[in-house]
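Q: here is my input; please provide its structure:
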Amino acid sequence: MNKIDPSLAVYRGLRRAGIDFAASVPCVNLKELLCLVGSDPGIIHIPVTREEEGVGICAGAWMADRRPALLMQNSGLGNSINALASLDLLYRIPLLMIVSQRGSRGETISGQIPMGRLTEPLLRTMDITVLTPQPAEAEATLSRAWALASGRRTPVAVLLDIDFWRGD
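A: Sure thing, here's the model as predicted:
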């Protein structure tokens, strides 16, 4: 069986969903994906310094008739909660969130573990749909996630843990 390149699978999912705008915060797990997105002339890519900045920029992109995605690490979820609640959720702005999840099984940095435990419960408390595909399911899942986000006019989070990036 051929091993699936997880970054390429997510990238293909973004393209399949018609994502044409992406804001991103640096993350080691996302680095290959960020290179793919950054080199695609069909996607406007804006690197940002903080997650809430990305939420706001993506909201503006949606208002300009773009299909936005925010690529981030879950450790920054706490930074973005107010922006998600007072902007996207309040004004019903769709957003596809690609979230590299740290702090789960196999995490070597203890500081990542608390947010690793809280990420999914926080998203669910905010009524944000959470999807957790395997690499083989990523392309179809991202397309479905954008369909949910745009149809419901709400953020949808696709959580990708360390096993996803390893192709396990």
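Q: from here on, just use CA atoms for contacts and neighbour counts.
A: Noted.
Q: CA-only coordinates of the host helix or strand of residue 119 in CSV, if you can.
A: Per DSSP states H and E, residue 119 falls inside helix 113-125. Output of helix 113-125 as CSV, limited to C-alpha atoms (Å, rounded to 0.1, in the frame of the first residue of the first chain):
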residue,chain,number,x,y,z
ILE,A,113,-0.3,19.0,26.7
PRO,A,114,-2.8,21.3,28.4
MET,A,115,-4.1,22.9,25.2
GLY,A,116,-3.9,19.5,23.5
ARG,A,117,-6.5,18.2,26.1
LEU,A,118,-8.6,21.3,25.8
THR,A,119,-8.7,21.9,22.0
GLU,A,120,-11.6,19.7,21.0
PRO,A,121,-13.8,20.5,24.1
LEU,A,122,-13.2,24.3,23.5
LEU,A,123,-14.2,24.0,19.9
ARG,A,124,-17.3,21.9,20.7
THR,A,125,-18.3,24.4,23.5
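Q: distance from that helix to the middle of the chain?
A: Relative to its parent chain, helix 113-125 has a centroid offset of 14 Å by CA atoms, centre = their mean, to the nearest Å.
Q: who touches it?
A: 74, 75, 77, 101, 102, 103, 104, 107, 129, 130, 157 (CA atoms under 8 Å, 6 or more residues apart in numbering).
Q: let's verify the residue most central in space within the chain: helix, strand, or coil?
A: Nearest residue to the geometric centre of the chain (CA atoms, centre = their mean): residue 98, 1.2 Å. Classification of residue 98 by DSSP: H, G, I helix; E, B strand; the rest coil places it in strand.
Q: what's across from residue 131 in the sheet?
A: residue 158 (DSSP bridges).
Q: can you name the residues that contact it?
A: Here residue 131 is in contact with 141, 145, 156, 157, 158, 159 (CA under 8 Å, 6+ apart).
Q: for stretch 106-125, what is the average pLDDT?
A: The pLDDT scores in stretch 106-125 average 84.
Q: do the same with stretch 152-164
A: 95.
Q: ok, and for that stretch, which residues are buried?
A: 153, 154, 155, 156, 157, 158, 159, 160, 161, 162, 164 (16 or more other CA atoms under 10 Å).
Q: cool, stretch 46-55 as well?
A: Within stretch 46-55, judged by 16+ other CA under 10 Å, the buried ones are 46, 47, 48, 50, 51, 52, 53, 54, 55.
Q: tell me the mean pLDDT for it?
A: In the prediction, stretch 46-55 has an average pLDDT of 97.
Q: next, give phi and psi for residue 44.
A: phi -80, psi 120 (degrees, to the nearest 10).
Q: correct me, but it touches residue 34?
A: No: taking contacts as CA atoms under 8 Å, residue 44 lies outside contact range of residue 34: 11.7 Å.
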